[in-house]
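*Asks:* fold the following for me, if possible:
(one chain, ligands or ions: 1)
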Amino acid sequence: MTIKAYPQCEKCYLEENTQWEPESVGDDGSLISKLTAVTVPDQLKTGEINVCASCGEITIVGIYANMEPDEVQYDVDPLNLDDLNTDPYSKGT
Ligand SMILES: [Zn+2]
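*Replies:* Below you'll find the model as predicted:
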């Protein structure tokens, strides 16, 4: 199985990549949880309009998460790594 970077919306990405302090109960009885960490996306490509591979929503944040094909819920194209490595200043030599 090949892991590839698939587009993901911010919501799905954050759901899977945030760490929260264990919930505790405040003085007024409300649940308190504090964000402790967010994993930085595997790839970021801003200016892209994509469909989230997890929920199918349109996303414009440019987050790509490494996913196995069986984790991909929607038929979307994985990130073409060649696109990322293209250096616009090295063209035309
Ligand atoms: Zn999503």
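
*Asks:* what's next to the biggest helix by length in the chain, contact-wise?
*Replies:* Looking across the chain with DSSP state H, the single longest helix is helix 10-17. Helix 10-17 is contacted from outside by V38, T39, P41, C52, S54, C55, E57, T59, V61, I63, A65, using CB atoms under 8 Å, 6 or more residues apart in numbering. C-beta here means a position set from N, CA and C on the backbone, and glycine is covered the same way.

*Asks:* flag the least confident of these.
*Replies:* Among those, P41 has the lowest pLDDT, at 88.

*Asks:* and the protein, which of its residues are near the ion?
*Replies:* Within the chain, the residues that sit near the ion (CB under 5 Å from the ion) are C9, C12, C52, S54, C55.

*Asks:* buried members of those residues into PyMOL, please.
*Replies:* Buried residues among the residues of the chain next to the ion (16 or more other CB atoms under 10 Å), as a PyMOL selection:
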select buried, resi 9+12+52+54
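
*Asks:* and the end-to-end length of stretch 46-61?
*Replies:* Separation of the first and last residues of stretch 46-61 by CA to CA, to the nearest Å is 6 Å.

*Asks:* the chain: helices as residue ranges?
*Replies:* Going by DSSP H, the chain shows helices at 10-17, 81-85.

*Asks:* any idea which of those helices scores lowest on pLDDT?
*Replies:* helix 81-85 (a mean of 61).

*Asks:* and the strands in this structure?
*Replies:* 4-8, 18-20, 24-25, 31-32, 35-38, 43-44, 50-51, 58-59, 63-67 (DSSP state E).

*Asks:* so in that sheet, which strands flank the second one, and in what orientation?
*Replies:* So that's strand 18-20. Neighbouring strands of strand 18-20 in its sheet, by DSSP bridges, are strand 35-38 (antiparallel).

*Asks:* on that earlier part again, and the two most separated of the residues of the chain next to the ion?
*Replies:* C9 and S54 (7.4 Å; CB to CB).

*Asks:* shared neighbours of these two, anything?
*Replies:* Shared contacts of C9 and S54 (CB under 8 Å, 6+ apart): none.

*Asks:* cheers, nothing more for now.
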